[in-house]
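Enquirer: Have a look at this prediction, sequence included:
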Number of protein chains: 4
Amino acid sequence: MMIVMKEGATEEQVDHVVQRIEEVGCSAHLSQGDLLTVIGAIGDRDRVASLGLEGAPGVDHLVPILKPYKLASAQFRKGERSVVEVDGRRVGGDHFGLIAGPCTVEGREQTLDVARTVADAGATMLRGGAYKPRTSPYSFQGLGVEGLRLLAEAKEQTGLPIVTELMDARDIPDVIEVADVIQIGARSMQNYTLLSEAGRTGKAVLLKRGLSSTLDELLMASEYVLKEGNPNVLLCERGIRTFETAYRFTLDLLAVPALRELTHLPVIVDPSHAAGRRDWVMPMSLAAAAAGADGIIVEVHNEPEEAICDGPQALPTEVFADYAEQVRRVAEVAGKQVTAV
Amino acid sequence: MMIVMKEGATEEQVDHVVQRIEEVGCSAHLSQGDLLTVIGAIGDRDRVASLGLEGAPGVDHLVPILKPYKLASAQFRKGERSVVEVDGRRVGGDHFGLIAGPCTVEGREQTLDVARTVADAGATMLRGGAYKPRTSPYSFQGLGVEGLRLLAEAKEQTGLPIVTELMDARDIPDVIEVADVIQIGARSMQNYTLLSEAGRTGKAVLLKRGLSSTLDELLMASEYVLKEGNPNVLLCERGIRTFETAYRFTLDLLAVPALRELTHLPVIVDPSHAAGRRDWVMPMSLAAAAAGADGIIVEVHNEPEEAICDGPQALPTEVFADYAEQVRRVAEVAGKQVTAV
Amino acid sequence: MMIVMKEGATEEQVDHVVQRIEEVGCSAHLSQGDLLTVIGAIGDRDRVASLGLEGAPGVDHLVPILKPYKLASAQFRKGERSVVEVDGRRVGGDHFGLIAGPCTVEGREQTLDVARTVADAGATMLRGGAYKPRTSPYSFQGLGVEGLRLLAEAKEQTGLPIVTELMDARDIPDVIEVADVIQIGARSMQNYTLLSEAGRTGKAVLLKRGLSSTLDELLMASEYVLKEGNPNVLLCERGIRTFETAYRFTLDLLAVPALRELTHLPVIVDPSHAAGRRDWVMPMSLAAAAAGADGIIVEVHNEPEEAICDGPQALPTEVFADYAEQVRRVAEVAGKQVTAV
Amino acid sequence: MMIVMKEGATEEQVDHVVQRIEEVGCSAHLSQGDLLTVIGAIGDRDRVASLGLEGAPGVDHLVPILKPYKLASAQFRKGERSVVEVDGRRVGGDHFGLIAGPCTVEGREQTLDVARTVADAGATMLRGGAYKPRTSPYSFQGLGVEGLRLLAEAKEQTGLPIVTELMDARDIPDVIEVADVIQIGARSMQNYTLLSEAGRTGKAVLLKRGLSSTLDELLMASEYVLKEGNPNVLLCERGIRTFETAYRFTLDLLAVPALRELTHLPVIVDPSHAAGRRDWVMPMSLAAAAAGADGIIVEVHNEPEEAICDGPQALPTEVFADYAEQVRRVAEVAGKQVTAV
């Protein structure tokens, strides 16, 4: 942590800051320019942060030097990239994961039909929501346990590992009976209890970036999972909120190379929610693959016009094989392979 | 809902949309201009929304006409404003609520000292966090049940109703033993299960706007509480996320008059979290009162330099009486009174 | 334009709005639901807009139905895509334009060296700034006319058409002696006089999106050029401003498919300014090509460490041929070819 | 400038950075922690910035320590606040400026009627636009020189100094015949040539913050005026662009106390453009005064329903006296007086 003193800060004020740093067992390092003084606080970052020096007399502002996350940092694995493996399916490193399925599990036929389609086209895992966070209390809230049961059946039929969202820690026993990967949605990214408890299940966790969360906050959220001894975290960029109203969210693909520098964790992209329209899903999927993403999570439906939720952004099952093929081609240019088992 | 067709949409495409609207028991109303056709769908909005017409052939875009919230709308109370009353303390209408206290309950002396100070200066309620959402898993996470006990003691000594945050539905039994107002933090604004369960307690709910939530989303979140038959909701603007880095959040005071038009619910402002610095808390508190807010929720500490959390933004107890006096003067110009019992 | 009346608007208020619409020669079309009335105003959009009905009694809000731009709209060319051709080089349609060169013209050797490199690697045009918009008045402001002269020499040697920025209409005579494409920078996107005068030169115009401009605003800005009878406009996405601080700007690649639907104009992407770092320029260039962009404008330098301006984001000349090759491969997957003459 | 090296940067890389800093005549100061090294570069900031060290091997990121503006900084006047005086009217320090008038000069009667109304109610200056930046080329673009002539007449009749916008440096001779204060609009905030030339006129300059400009950028823009030897700059917050769509812009009132700390220049607020509706102008004006603004610039019209531009946000003349009185009361609570001559 660097503490930048105001121009005109007195010697007394500088000494006071130095003293407070030393009181918590850290050392202070002065750097005096013509105009102002900068104090480097060396030692445990959390202790220095806890001093609340932003408010101290003579202090202009603080500059954190070390990243606040540890286990998620690229340095933690000395630059080696993590690969998340589930039932022999790998995402990360050279392995591009194609996770596909319906937004919401709506019924048996829909779930099994979509599952077979994506399995046939070489998808890595099956996604599908049994519990749905809905902005309106008057909207369909998901099939719950019945939805989980249908996912289990789809898994049995296709062999695809299941990715499904967890919204409430009390649903963990039900969810982990079926889920191979627990999805934490954008709206829950800072539900820290949920993160910790998901981490403790030992299941892989797919963590979506909050609508207005910075990359640092996303990595801090992943740290809640990692600190439970669970190294299997997939980060997911799914669009952020900006002033632009031509689309639902602004897909932030610079997050892909930036996260790949900051962390060893695999980074995947959800092109469906940002685009909000199926004809923009393909170009954004290709763009994600080209940007170096470790995978994509995409929505597919057998009858998009009848979908209960987010039908307009779902790819119809009949185009999925072609879609998967094109994604595969671009991923290969970017040096990756869509994982077969 | 208005469905705007693309220029060049065929008659067949228009008919198809009309037919789908009528299939769900709504009526369609055509408006044909030189360039394009607009179809008004009249009837149950949720049914029309569920059709997912955004993706239908020939459709350009949809324009929702009715607000998605019902119980929270100003029309629901025919323009009459709600007043939330807790133990004889009122917030809303002509009553300006001054809710003050420490960010976090850290210990007995701190809690009681701050409580007495704000009570003496005429505060309406005491705030204090026992459960704290922390970006870092390595930060202090709150005293929990022990913190609630200290708040109970502060209430006993001062008579002030207690406002405290609920983060996990499993803590409800403990929290409602002490809390008069359950605070739902910005990061939990879209934790819909939590909202519903907080609503069912019958306690008043103070609902903070998410960092990047629109006013419509805030009102939809309040709808989750209201639909449980609980009319006592206080909305709270606490700063949104923008590109500006000179402060932690951008306090969006236009939300005050805008919400006062959209909803009957009282609207309060948290100036502490956006400012992040105590010397900016006073001007933003006065600005909130001048903008017509129904109250303020502000952080106060007896020893800000020693605070475990957010010390730099806490008002020191010794300035609080003067602060309260100035807020009161501006609130009066705006036509409100700081409520005494 | 649809005028949505407030719930409870009186018949008189509805009649008043209808009357005002009819007074300007448009026709009004009523659509009455159970809760509220929507009035469709059919006829000249600018006349209806000029009524300022947002403020009229009983009016809740207005919903524009037609896009405010005409010449830029996809409908204007009935879905056919424009191709901008300069000296036999084409951008748009199936032609992918690779525009490359130094951020700033700094000297003869630098300019010629970079020009030769990008020409050899098959670039479509040469970019280079003689006039530079600088946030600080204490920064280097460009070589001006001397810079233009160096660009002319580079053009002579390589045959590459020149893209260079215009900041002040008084520089037009100097600029058009050299420029084949006039660049209007992000900070000038709403300098409407400059747009009109650039349009009148008859030179092609490369128009960058403002840092916080919507796609509609970008298209309205292009309309200022188009209405001068100049159809040769290239739109350029170059990153928008968001809350994220890990990069300089957030490259908004969803703008590519969205603009391709809204307008017939070619859409190119500047990956350099958003990334701000050369190692992120490659992935974002590939992503732009994969998203369906009609071209890329990228910064290249022979000695990036010595660059006066934006060195850290410049690709070194020695990697450019390889870079161009990879961009070409992805553009081909997306169905385009890097234009040779 | 602090240069933060990557974890694992080699001694060689550190030495290389130190050497480059010393080559430009600055000195380097090493601060070595357990994990990484921070290098403080002491000396001329522009020289260090020009090194482009962001891209150098082993460098993680740079942290600027000194603010990039000099003449605008609070330190430049050692904490004393500037007062801009025009024809005996003062804005800044204890003087609250109330600048009012029509958005656009539309005609003689309108201009003189509004001018007399605001003069009678004690306004400090008259605002009115002769040149208008319009998003659409099909909208009314202002009366130009004829509009300036009407402003001159209004000044003659009322004695009020004139504030009017300059969009093109070629209009300076016409504008300075009439204007006492040259307004630079939000869209021109980074038109640096315009800023410099406006500065050289010697007239006071009212500089509006760009829609997505940071406070630092606003202050850098003011530096372009100040460096011409012109100290009379008024900064103006007028709303920034965010994701919220309930209003046109988000009025950022935290900018008021923040700018008052960063700079000695007076800070005023434009509540009209952000609100976009006249009923929200009053609460935001009071909020601005309460936040400590040095003044307000507000739109007034004698027949808002007939206004060519922005009628819905204009205060009608008949309410202006009452409006001014309420603003005055809140400004007084905040320690200021609306300046009479």
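Expert: Great, that's in hand.

Enquirer: And for the spatially closest residue to residue A:270 that is not a sequence neighbour, the neighbour number?
Expert: Distances taken as CB to CB, 6 or more residues apart in numbering or on different chains place residue A:238 nearest to residue A:270, at 3.9 Å, with adjacent residues excluded. (C-beta placed from N, C-alpha, C; glycine too.) Residue A:238 is flanked by 22 other residues according to other CB atoms under 10 Å in any protein chain shown.

Enquirer: same deal with residue A:25?
Expert: Residue A:25 has 10 neighbouring residues, counting by other CB under 10 Å.

Enquirer: and residue A:198, how many neighbours does it have?
Expert: 30.

Enquirer: what kind of secondary structure is it in?
Expert: With DSSP: H, G, I helix; E, B strand; the rest coil as the basis, residue A:198 sits in helix.

Enquirer: Now for it: which residues touch it?
Expert: The contact partners of residue A:198, taken as CB atoms under 8 Å, 6 or more residues apart in numbering or on different chains, are A:166, A:169, A:172, A:182, A:184, A:205, A:225.

Enquirer: 7 Å instead, please
Expert: Counting by CB atoms under 7 Å, 6 or more residues apart in numbering or on different chains, residue A:198 makes contact with A:166, A:182, A:184, A:205, A:225.

Enquirer: got those residues as TSV, with pLDDT and distance to residue A:36 columns?
Expert: Output for the contacts of residue A:198, formatted as TSV (pLDDT from 0 to 100; distance: CB to CB, whole Å):
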residue	pLDDT	distance to residue A:36
A:166	97	49
A:182	98	49
A:184	98	43
A:205	98	44
A:225	97	41
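
Enquirer: and of those residues, the nearest to chain C?
Expert: Chain C lies nearest to residue A:184 out of the contacts of residue A:198, by CB to the nearest CB, at 20.0 Å.

Enquirer: beta partners for that closest one?
Expert: residue A:207 (DSSP bridges).

Enquirer: Not counting its neighbours along the chain, what's nearest residue A:251?
Expert: Nearest to residue A:251 is residue A:274, by CB to CB, 6+ apart, at 4.0 Å.

Enquirer: Tell me both backbone torsions, phi and psi, for that neighbour.
Expert: Backbone torsions of residue A:274, given as degrees, to the nearest 10, read phi -70, psi -50.

Enquirer: In which helix or strand does residue A:320 reside?
Expert: Assigned by DSSP states H and E, residue A:320 falls within helix A:317-333.

Enquirer: what comes into contact with that helix?
Expert: A:96, A:98, A:100, A:113-114, A:117-118, A:121-123, A:282, A:285-286, A:289-290, A:296, A:300, A:302, A:315, A:338, C:290, C:329-330, C:333.

Enquirer: Kindly recompute the last result at 8 Å.
Expert: For helix A:317-333, the surrounding residues in contact (CB under 8 Å, 6+ apart) are A:96, A:98, A:100, A:113-114, A:117-118, A:120-123, A:281-282, A:285-286, A:289-290, A:296, A:298, A:300-302, A:315, A:337-338, C:286, C:290, C:326, C:329-330, C:333.

Enquirer: need the helices for the stretch 151-300 of chain A, in chain order.
Expert: Assignment of helices within the stretch 151-300 of chain A using DSSP state H, counting those that start in this stretch yields the ranges A:172-178, A:192-200, A:215-226, A:255-262, A:271-275, A:278-290.

Enquirer: Now the weakest link among the ones you listed, please, by mean pLDDT.
Expert: Looking at those, the lowest mean pLDDT belongs to helix A:271-275 (a mean of 93).

Enquirer: would you put the C-alpha positions of that one in CSV?
Expert: Written as CSV, here are the backbone C-alpha positions of helix A:271-275 (Å, rounded to 0.1, in the frame of the first residue of the first chain):
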residue,chain,number,x,y,z
PRO,A,271,-22.9,-14.6,-25.3
SER,A,272,-26.7,-15.2,-25.0
HIS,A,273,-27.6,-12.8,-22.1
ALA,A,274,-25.8,-9.8,-23.4
ALA,A,275,-27.0,-10.1,-27.0
